[in-house]
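Visitor: Predicted model and sequence below, questions to follow.
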Amino acid sequence: MDLASPTAAAPLVLEPGEVDLALLRRVHAGTESLALHPSARHALLAAQATVSRIVEAGDVVYGINTGFGKLAQTIIPHERLAELQRNLVLSHSAGIGEPLPAGVVRLVLATKAVSLARGHSGVRPEIVDALLALGNAGLLPRIPSKGSVGASGDLAPLAHLACVLIGEGEVTTPQGEVIGGAEALRRIGLEPFVLGPKEGLALLNGTQVSTALALAGLFGAEDVFAAGLVAGALSLEAIQGSIKPFDARIHAARGQPGQIAVAGAMRALLEGSEIVDSHADCGRVQDPYSVRCVPQVMGACLDNLRHAARVLVIEANAASDNPLVFDNGDVISGGNFHAEPVAFAADIIALAVSEIGAISERRMALLLDSGLSGLPPFLVRDGGVNSGFMIAQVTAAALASENKSLAHPASVDSLPTSANQEDHVSMATFAGRRLGDMVENTAVVVGIEAMAAAQGIELRRGPRSSPLLEAEFAAIRERVAFIDQDRFLAPSIDAMRQWARQGRWPAAVQAILPSQA
């Protein structure tokens, strides 16, 4: 069997400690196979040897020959260590909810492999190989989306992942078939593992599910951020707005890096616009904030996304197991499984996604207001008989409002678990999971704005926009036609949602995204 599918190309190589955001985005896309860097083998074997020495010497070390959590004082006899690890995996497989999306599961497999391969967990290299082989074969463990509080690791969801390695649990095939864990292992030429000392705990401890969810949210946020810049530039053209607020000197005077980058991207999008030149002497002094302050608002969003990206890349490379095994033979219990950094990162991504949608919805409302835009009311001729974009804006407002509620920080909540042993938790898993809904909401909002902006440009068609924006206008028209009279609008809105998630943008926009840095 060719375990290097889904493509025959050279695999993406995961070097623990060196995995970057661009590579993680490719893992999420799922079009390439993965391989572990050969240098990782030594650290894996060294840590495994340390665990074996502890067991042979009869030393009592948490997680190796003791119970877990509140039961850590219980010493487990040697002959029951395999039973201990198996029972740990089975008892912790308590998740509920819809399975995580395929891209998220691919990230979980990859980041768990990287974390274990840092050489602080004491697992066999074969465990890491099996995780990557499952992903390369498109055999993705079915991991329930709910049931983790993001501390002591993502215990329940990672237990569902570990279940597959011991021949339990469920797996989704590339064809969408659901099979058992033992059958999935058979298809990649493996028998179910009998987990050795600490291996079950190492698989369950860690922040990989929270991190994968937050990364998927970040990648979606990049998409809607880029779409928001293009939609904002199109809206400026539709209302014949001023480009003076994008003057580089304004933004240099403040010094905020995201603001400077966004202003530069807006200037690039509008460069060569005949529309801008056509109203140079119109006497318009100031546009509303939703147009004039695009660099300030979207720049702040970009700075947040860049900070979140830095945190998540560190976490994707981290040893977040417990206890950790070190080169000198020490095995030390700590708390790297606590996902507070991930929770904070997900929360600031949520703020950015919400604001991208909020300012987009305001620009759309501006387009529909003939007193401000100079365009026909609700962007349709023969108004009264036709309602045009009236209710599309209501949809945008509803989703923007929903995102404001979803943006409430998850990290400020905590409920103690495990008989108060785990008395403060991060809620990072929910913090990351809710980003999926938020991104889709914002994609709809930004997509509606772009469709409305294209309508506005066409309603007063005369001078052409810039080459870049004319190309975006043409791409929009490939998806949705001009609205000359009312029609069934839902398919057009969904087509524009897909436009906002396309991930292919003008180079000036693409270049400032975190995964391109």
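Guide: All right, it came through fine. Residues are numbered from 1 along each chain as shown.
Visitor: what about the strands in the stretch 301-450 of the chain?
Guide: Secondary structure of the stretch 301-450 of the chain (DSSP state E, counting those that start in this stretch): strands at 324-325, 331-332.
Visitor: The last one - what's its average pLDDT?
Guide: What it means is strand 331-332. Averaging pLDDT along strand 331-332 yields 92.
Visitor: Other residues contacting that strand?
Guide: 50-51, 54, 61-62, 64, 122, 323-326 (C-beta atoms under 8 Å, 6 or more residues apart in numbering). No exception for glycine: its C-beta is placed from N, CA and C like everyone else's.
Visitor: Name the nearest of those relative to residue 306.
Guide: residue 324 (29.3 Å; C-beta to C-beta).
Visitor: who's in contact with that closest one?
Guide: 120-121, 331-332, 334, 336.
Visitor: in the sheet, who's paired with it?
Guide: residue 332 (DSSP bridges).
Visitor: between the contacts of strand 331-332, which is nearest residue 270?
Guide: For the contacts of strand 331-332, the nearest to residue 270 is residue 324 (52.3 Å; C-beta to C-beta).
Visitor: And the helices in the stretch 251-400 of the chain?
Guide: 257-270, 274-278, 289-292, 294-316, 340-368, 370-373, 390-406 (DSSP state H, counting those that start in this stretch).
Visitor: May I see the ones you listed arranged in CSV, with mean neighbour count and distance to residue 248 as well?
Guide: Shown next, in CSV, are the helices of the stretch 251-400 of the chain (neighbours: other C-beta atoms under 10 Å; distance: least, C-beta to C-beta, whole Å):
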stretch, mean neighbour count, distance to residue 248
helix 257-270, 22, 6
helix 274-278, 15, 16
helix 289-292, 18, 15
helix 294-316, 22, 10
helix 340-368, 25, 21
helix 370-373, 14, 27
helix 390-406, 18, 30
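Visitor: which one of those lies closest to residue 423?
Guide: helix 340-368 (13.7 Å).
Visitor: so how far is the closest one off the chain centroid?
Guide: Chain-centre distance of helix 340-368: 14 Å, with C-alpha atoms, centre = their mean, to the nearest Å.
Visitor: Going forward, the N-terminal residue is numbered 464.
Guide: With the count now opening at 464, the last piece we talked about shows up as helix 803-831.
Visitor: helices and strands around it, which ones?
Guide: If you count contacts as 3 or more C-beta pairs under 8 Å, 6 or more residues apart in numbering; DSSP states H and E, helix 803-831 packs onto helix 671-701, helix 752-755, helix 757-779, helix 833-836, helix 853-869, helix 891-922.
Visitor: could I get the ones you listed as TSV with distance to residue 650 and mean pLDDT?
Guide: What follows is the helices and strands packed on helix 803-831, written out as TSV (distance: least, C-beta to C-beta, whole Å; pLDDT from 0 to 100):
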stretch	distance to residue 650	mean pLDDT
helix 671-701	23	98
helix 752-755	53	96
helix 757-779	27	98
helix 833-836	59	90
helix 853-869	39	97
helix 891-922	29	97
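Visitor: Distance to residue 621 added to these, as CSV?
Guide: Putting the helices and strands packed on helix 803-831 into CSV (distance: least, C-beta to C-beta, whole Å) gives the following:
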stretch, distance to residue 621
helix 671-701, 6
helix 752-755, 43
helix 757-779, 14
helix 833-836, 52
helix 853-869, 25
helix 891-922, 11
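Visitor: of all those, which lies closest to residue 877?
Guide: Using C-beta to C-beta, those put helix 891-922 closest to residue 877, at 11.1 Å.
Visitor: and the angle for the closest one with helix 671-701?
Guide: Angle, helix 891-922 to helix 671-701, by axes from the mean of the first three to the mean of the last three C-alpha atoms, to 10 degrees: 20 degrees.
Visitor: For helix 891-922, buried residues please.
Guide: Using 16 or more other C-beta atoms under 10 Å as the test for burial, helix 891-922 gives 891-899, 901-920, 922.
Visitor: For that helix, name the packing helices and strands.
Guide: Checking 3+ C-beta pairs under 8 Å, 6+ apart, helix 891-922 ends up next to helix 671-701, helix 803-831, helix 853-869, helix 930-942, helix 953-963.
Visitor: Deepest in the core, which of the strands of the stretch 764-913 of the chain is it.
Guide: strand 787-788 (a mean of 26; mean count of other C-beta atoms under 10 Å).
Visitor: Alright, calling it a day.
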